[in-house]
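Peer 1: make a model of this:
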Amino acid sequence: MAPISLLSLLGTAAAMKCPGSSSWIHASAEVQAMAEASCADVSEEIKARVSGGWKDPHNGGTYTLLDADDGELTLQRVTANGKFTDKMIFTLSSFHAARASCGIHACSESQGFSVKDFSTNYCNLRNLYCGSTEGCVPVKHDFETSEEEVTPSWFGGSDKDACIVKSEAETALATVSTVATPMLRQVPVGGTVEDTLGCVSNNCPMDKATLQPSAMCVLGNCTSNLAKCLFSSTCRSGVMCELGCFDLLKATDSKEDADRFVNLMDCMRTHCPGYPPSKTCVAMHCVAEAGACAFHSTCRSALECADGCVPAKYAAALAAAQQATEVVTEV
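Peer 2: Predicted coordinates for the structure are as follows:
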């Protein structure tokens, strides 16, 4: 094989080409590598992997060959859930030494808004040329490839281990072990979830009509936190679960229960900032609002439901509601 450092000499023959993206902010990855095979074999293997039958080991995405012309392959990959699309370009240059070698210049770019891609763009590329010695499954040609340079975008990743995920059976087994517990209770509420929900709770009041904070307020105050949440399944699931609980308030004929819930949230935001809210602070400043919610079944049900999604956020409110209930009962 030609010394890998000679790959830099291929720059004049094969400059890095990227597909571009319609999103100004997006994740990407570039790879320069040398394959111990002819470029004809490398090209044929890539085409074979994307033509059907071969399974993408990175969460089962679907590849499509968009164009192939004179040592250049343009491809697309859509995630298994159909929500995200990435495009990539492979530029191949032959290098003849003691044995045939092929220089690979490959670039992958997400086509929608993305920041942290958990090595997805890198894996888009790597999984089309990696060989059996690296745990991959070749279709026509099995060859070794040395990566000279890997350049992910800011917050992008280049973790080889992320490119081949666990089998569906292993994933299902892990899911079964946690599915019986209420959402998020098995996960310490910290990091992404805490930062995101804390930022929104402290800065953006809940609108009484939509029972959601203003989108402009969230984007203006919590953009970075929101981006982290978008890439955390735990955070996304918690927020969606929480919003689902508010449907109880929207469904009621009277707006009074929704108003009571919003008043309680506003009281905590005003008097007890920080995340999670202090139980002592809420008991001191918001017990009246908590009591007003607790004594009306729809408001109380929404509060208990939301606590099942994100317990830390509502624990203080539930404690104050219980305190108000006990005081009235004693009287």
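Peer 1: name the residues that touch stretch 62-74?
Peer 2: 14, 17, 19, 39, 43, 46-47, 49-51, 56, 75-78, 80, 87-94, 128 (Cβ atoms under 8 Å, 6 or more residues apart in numbering). Just so you know, the C-beta spots here come from the backbone N, C-alpha and C atoms, and that holds for glycine as well.
Peer 1: in strands, which of these appear?
Peer 2: 75, 76, 77, 78, 87, 88, 89, 90, 91, 92, 93, 94 (DSSP state E).
Peer 1: give the PyMOL command for selecting the buried subset of those.
Peer 2: Buried residues within the ones in strands among the contacts of stretch 62-74, by 16 or more other Cβ atoms under 10 Å, are selected in PyMOL with:
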select buried, resi 75+76+77+87+88+89+90+91+92+93+94
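Peer 1: ok, so of the ones in strands among the contacts of stretch 62-74, who is nearest residue 270?
Peer 2: residue 78 (45.5 Å; Cβ to Cβ).
Peer 1: look at the closest one and report its pLDDT.
Peer 2: Per-residue pLDDT puts residue 78 at 95.
Peer 1: ok so, going back, and the furthest pair within the ones in strands among the contacts of stretch 62-74?
Peer 2: 78 and 94 (30.9 Å).
Peer 1: so which helix or strand of the protein has the lowest pLDDT on average?
Peer 2: helix 168-176 (a mean of 40; mean pLDDT, DSSP states H and E).
Peer 1: just the pLDDT at residue 187, thanks.
Peer 2: Taking residue 187 on its own, its pLDDT is 37.
Peer 1: residue 288 sits in which helix or strand?
Peer 2: With elements taken from DSSP states H and E, the one containing residue 288 is helix 287-294.
Peer 1: quick check: buried residues in that helix?
Peer 2: Applying 16+ other Cβ under 10 Å to helix 287-294 flags 287, 289, 290, 291, 292, 293, 294 as buried.
Peer 1: so what does that helix touch, helix or strand wise?
Peer 2: helix 256-271, helix 297-309, helix 311-330 (3 or more Cβ pairs under 8 Å, 6 or more residues apart in numbering; DSSP states H and E).
Peer 1: low-scoring stretches of the protein, by residue?
Peer 2: Applying pLDDT under 70 to the chain picks out residues 1-15, 96-98, 166-194, 219, 224-233, 251-254, 327-331.
Peer 1: could you chop it up by domain?
Peer 2: Domain assignment for the chain, taken from automatic domain parsing, gives 4-161, 192-330.
Peer 1: hmm, back to that, identify whichever of the helices and strands packed on helix 287-294 lies nearest to residue 99.
Peer 2: helix 297-309 (59.0 Å).
Peer 1: quick one: list the elements packing against that closest one.
Peer 2: Using 3+ Cβ pairs under 8 Å, 6+ apart: helix 297-309 touches helix 233-245, helix 247-251, helix 256-271, helix 287-294, helix 311-330.
Peer 1: okay, buried residues for it please.
Peer 2: Neighbour-count burial for helix 297-309, counted by 16+ other Cβ under 10 Å, picks out 298, 299, 300, 302, 303, 305, 306, 307, 309.
Peer 1: need the contact partners of it.
Peer 2: By Cβ under 8 Å, 6+ apart, helix 297-309 touches 182-185, 238, 241-242, 244-246, 248-249, 252, 257-258, 260-261, 264, 292-294, 313-315, 317-318, 321.
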